[in-house]
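Q: how does the following fold in three dimensions:
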Amino acid sequence: MKQSQQSIRNRLKYLTCRRAPIKPQAFIEQIKLVVLGWVNYFKHTNASEAFVRLQDFINNRFRRYLTHRRKGRGCGWQSYPNSKLYTMGMLYIGSGMIKYPERVVQGL
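A: Sure, this is the predicted structure:
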C-alpha cells in the first residue's frame, strides 16, 4: 500500500505543478480523474489513514498552486482554508465517501 501511495503522489506532483498555466477548475478536474480511480480501488480496504494523508497532500498542492497564482507568499493557509477549497470544488476523500457527479442519460 505504501508503494501505491507514493505512486499516486508522484503522479499528482507531475500533473499539478505550481506554475501550471491552467485555470483552477481544470486543475481540480485533473486531480479528480486520478484520485477517483485510486480511491475506488482501495475503498474496500482499511485505508482511512491513507485517504486522510492523500487528502492533506492534495489540499496542500492546490493551496500552494492558488497562492502562487495570486503571486502570494507562503503556503496560503489563511487565504485558502480547507472549507474554501471544498467550496471551489476540491474533492473530499477523508472519509472515503465520495460524491459522484450525476450522469445525465439522453434519450430516456
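
Q: where does the most centrally placed residue in the chain land in three-state SS?
A: The residue lying closest to the centre of the chain (CA atoms, centre = their mean) is Ile58, at 4.2 Å. Following DSSP: H, G, I helix; E, B strand; the rest coil, we place Ile58 in the helix state.

Q: ok, it touching Ile31?
A: Yes - contact criterion CB atoms under 8 Å: Ile58 and Ile31 qualify, at 6.1 Å. All C-beta atoms are positioned from the backbone trio N, CA, C, and that covers glycine.

Q: what touches both of those two?
A: Leu12, Met90, Leu91 (CB atoms under 8 Å, 6 or more residues apart in numbering).

Q: how about those in CSV, adding secondary structure?
A: Compiled in CSV, the shared contacts of Ile58 and Ile31 are given as follows (three-state DSSP):
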residue, secondary structure
Leu12, helix
Met90, coil
Leu91, coil
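
Q: from Phe27, how far off is Leu33?
A: Distance, Leu33 to Phe27, by CB to CB, to the nearest Å: 12 Å.

Q: give me the more crowded residue out of these two.
A: Counting neighbours by other CB atoms under 10 Å for Leu33 and for Phe27 shows that Phe27 has the greater number, 22 against 10.

Q: what helix or strand is the more buried one on?
A: With secondary structure defined by DSSP states H and E, Phe27 is part of helix 24-42.

Q: quick one: mean pLDDT for that helix?
A: Per-residue pLDDT values over helix 24-42 give a mean of 86.

Q: repeat for stretch 77-92
A: Stretch 77-92 shows a mean pLDDT of 85.

Q: excluding chain neighbours, what is closest to Val34?
A: Beyond its immediate neighbours in the sequence, the residue positioned closest to Val34 (CB to CB, 6 or more residues apart in numbering) is Arg11, lying 5.9 Å away.

Q: tally of neighbours for the one you found?
A: Residues contacting Arg11 under the criterion other CB under 10 Å number 13.

Q: assign a three-state SS to it, would you?
A: Classification of Arg11 by three-state DSSP places it in helix.
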